[in-house]
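Trainee: predicted model and sequence below, questions to follow.
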Amino acid sequence: MAEKADILVVFDCDGTLVDSAHNVIACMRAAFEGAGLPAPQDTEIRRSIGLNPDVAVRMLAGRPLGDGLLEQIVAGYKSAFFQRRLQADHHEPLFPGARETLAALAADKVPMAIATGKSLRGVNAVITQHSLQDYFISLQTPDHNPGKPHPQMLEKAMAAAGTTSARTFMVGDTSFDMMLAKNAGCRGIGVNWGYHDEAELLESGAERLIGRFEELLEIVRSA
C-alpha cells in the first residue's frame, strides 16, 4: 500500500503489547512488604498499571508517604522487577496478534513508538525478549518524562516522527492512555484485553475500542 509516513501509531506497553500484570503485582506487593507496609490488593495494583511507579505507589498507599518511604518502595519495586527478569521462568508474553500487527504496520511504512509507565530498562527488556528492535522510532518512558496523562511523551514521539496530533494514534488499555491522547490532541484507541474496562476507556476519551489487534490495521489503513 502507499506509504503513510505522516501517520504515527504509539503503543502503551504493559496491558497493551505485553501481559505483565502477574509480574507487576508480585513486585509491587514485595516492595510494600519490604518497606514494612501491608501489600495493596491485587485488583488495585492491576488498576494502577500504566502509571509512573512513584505515582502508582502514592495511589496504592492510600495515605501520605514521606519522600524517604516513597523512594524506598519505588526502589524496592524496581529492584524486584530487575531480579524477576533474571529468573529462568520470567515471562511477559505478547498479546495475540501483537507481533503480526507490528510487522504489518512496518511493512506499510507506518512509524511506531512506545509511550509507557514502564522504565526504559524494562521496555528494552521486552523489546529484546520478543525481538522487536526494528519497529519503534521512539521509546518514551518515565526516565525522561512526566507520567501519564501529561502529554510530553506523545509530543516527543510526534516530534521524532515529524507528524501532527491529528495523525497520531495512541493505542492503550487504560484510562491513563486515553487521557494522555486527549491531552496531546491525539486519537485514542482503547483495547479491551488490558487492565481497565471498556466504559472507563470511553469515558476517558477513547475514539474507538478494539477487541483484536487486527482491527487496528483497518483503522490506520483507512486514516
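Mentor: Received, thanks. Numbers count the residues shown, from 1 in each chain.

Trainee: residues of the helix or strand Lys156 falls within that come out buried?
Mentor: Secondary-structure element containing Lys156, defined by DSSP states H and E: helix 152-161. Applying a neighbour-count criterion of 16 or more other C-beta atoms under 10 Å, the buried positions in helix 152-161 are Gln152, Met153, Leu154, Glu155, Lys156, Ala157, Met158, Ala160, Ala161. For every residue, glycine as well, the C-beta is placed using N, CA and C.

Trainee: hmm, Asn192 and Thr16 touching each other?
Mentor: No. In this structure Thr16 lies outside contact range of Asn192 using C-beta atoms under 8 Å: 10.8 Å.

Trainee: need the overlap of contacts for the two.
Mentor: Listed contacts common to Thr16 and Asn192 are Asp173; contacts here mean C-beta atoms under 8 Å, 6 or more residues apart in numbering.

Trainee: between these two, which is the more surrounded one?
Mentor: Each of Thr16 and Asn192 has its neighbours counted (other C-beta atoms under 10 Å); Thr16 has more, 26 against 13.

Trainee: ok, the more buried one to Glu71 distance?
Mentor: In this structure, Thr16 and Glu71 are 28 Å apart, going by C-beta to C-beta, to the nearest Å.

Trainee: tell me how far the ends of stretch 199-213 are from each other?
Mentor: From its first residue to its last, stretch 199-213 covers 19 Å (C-alpha to C-alpha, to the nearest Å).

Trainee: which residues touch the helix or strand Thr43 falls within?
Mentor: Secondary structure assigned from DSSP H and E places Thr43 in helix 42-48. Contacts to helix 42-48, defined as C-beta under 8 Å, 6+ apart, come from residues Ala21, Val24, Ile25, Met28, Arg29, Ala56, Met59, Leu60, Tyr195, His196.

Trainee: pipe the residues you listed into JSON lines and attach distance to Arg121 and secondary structure per row.
Mentor: As requested, these are arranged in JSON lines below (distance: C-beta to C-beta, whole Å; DSSP: H, G, I helix; E, B strand; the rest coil):
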{"residue": "Ala21", "distance to Arg121": "19", "secondary structure": "helix"}
{"residue": "Val24", "distance to Arg121": "15", "secondary structure": "helix"}
{"residue": "Ile25", "distance to Arg121": "19", "secondary structure": "helix"}
{"residue": "Met28", "distance to Arg121": "17", "secondary structure": "helix"}
{"residue": "Arg29", "distance to Arg121": "21", "secondary structure": "helix"}
{"residue": "Ala56", "distance to Arg121": "17", "secondary structure": "helix"}
{"residue": "Met59", "distance to Arg121": "22", "secondary structure": "helix"}
{"residue": "Leu60", "distance to Arg121": "22", "secondary structure": "helix"}
{"residue": "Tyr195", "distance to Arg121": "21", "secondary structure": "coil"}
{"residue": "His196", "distance to Arg121": "25", "secondary structure": "coil"}
